[in-house]
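>>> Turn this into a model:
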Amino acid sequence: MPKDAVTLIVILRPREGQEILLEAELRALIGPTRKEEGCLTYELYRALDAPRGFLLHEVWASRDAHTEHMHTPHFLRWNAGKDALLASRDGTFWKQIA
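Numbers count the residues shown, from 1 in each chain. Next comes the predicted model:
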């Protein structure tokens, strides 16, 4: 693991009636994001229990690599339409210590 690597955990909750569309949009990010040079891990999970939602587990070579990700066409497309799909979004960066 690179010494500057960071993990981003994002929890996303869909607006009422938007769960299927939100999942489709999140799945559309997977392929192009995993191909990015600084992306080490990009995994999508679905909550099994209420409240329904999704979790993104991302590992980036550095914070700069994640910043570059936020300027890609696929991320910009997602970012432009996400508010119509999301009831809430909570993201936190983590640094592995052991």
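>>> Check which helices and strands the helix or strand hosting Leu40 sits against.
In the assignment (DSSP states H and E), Leu40 maps to strand 39-46. Packing contacts for strand 39-46, counted by 3 or more Cβ pairs under 8 Å, 6 or more residues apart in numbering; DSSP states H and E, involve helix 19-34, strand 54-60. Any C-beta I mention is one placed from the backbone N, CA and C, and that applies to glycine too.
>>> Need the contact partners of it.
For strand 39-46, the external contacting residues (Cβ atoms under 8 Å, 6 or more residues apart in numbering) are 1-2, 5, 7, 23, 26-27, 29-30, 33-34, 52-61, 65, 69.
>>> any chance of the helices and strands packed on strand 39-46 in TSV, plus distance to Ala84?
Formatted as TSV, the helices and strands packed on strand 39-46 follow (distance: least, Cβ to Cβ, whole Å):
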stretch	distance to Ala84
helix 19-34	9
strand 54-60	16
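>>> and the residue nearest to Asn79 when sequence neighbours are not counted, how many residues sit next to it?
In space, and not counting its chain neighbours, Asn79 is closest to Met70: 7.6 Å by Cβ to Cβ, 6 or more residues apart in numbering. Applying other Cβ atoms under 10 Å, we find 10 other residues in the vicinity of Met70.
>>> how close does Met70 sit to Ser88?
According to Cβ to Cβ, to the nearest Å, Met70 stands 19 Å off from Ser88.
>>> on that earlier part again, single out the most deeply packed of the helices and strands packed on strand 39-46.
Across the helices and strands packed on strand 39-46, averaging neighbours per residue (mean count of other Cβ atoms under 10 Å) puts strand 54-60 on top, at a mean of 19.
>>> tilt between that strand and strand 39-46?
Relative orientation of strand 54-60 versus strand 39-46 (axes from the mean of the first three to the mean of the last three Cα atoms, to 10 degrees): 170 degrees.
>>> What lies in contact with strand 54-60?
Applying Cβ under 8 Å, 6+ apart, the external contacts of strand 54-60 come out as 1, 5-12, 14, 22-23, 26, 33, 38-47, 66, 69.
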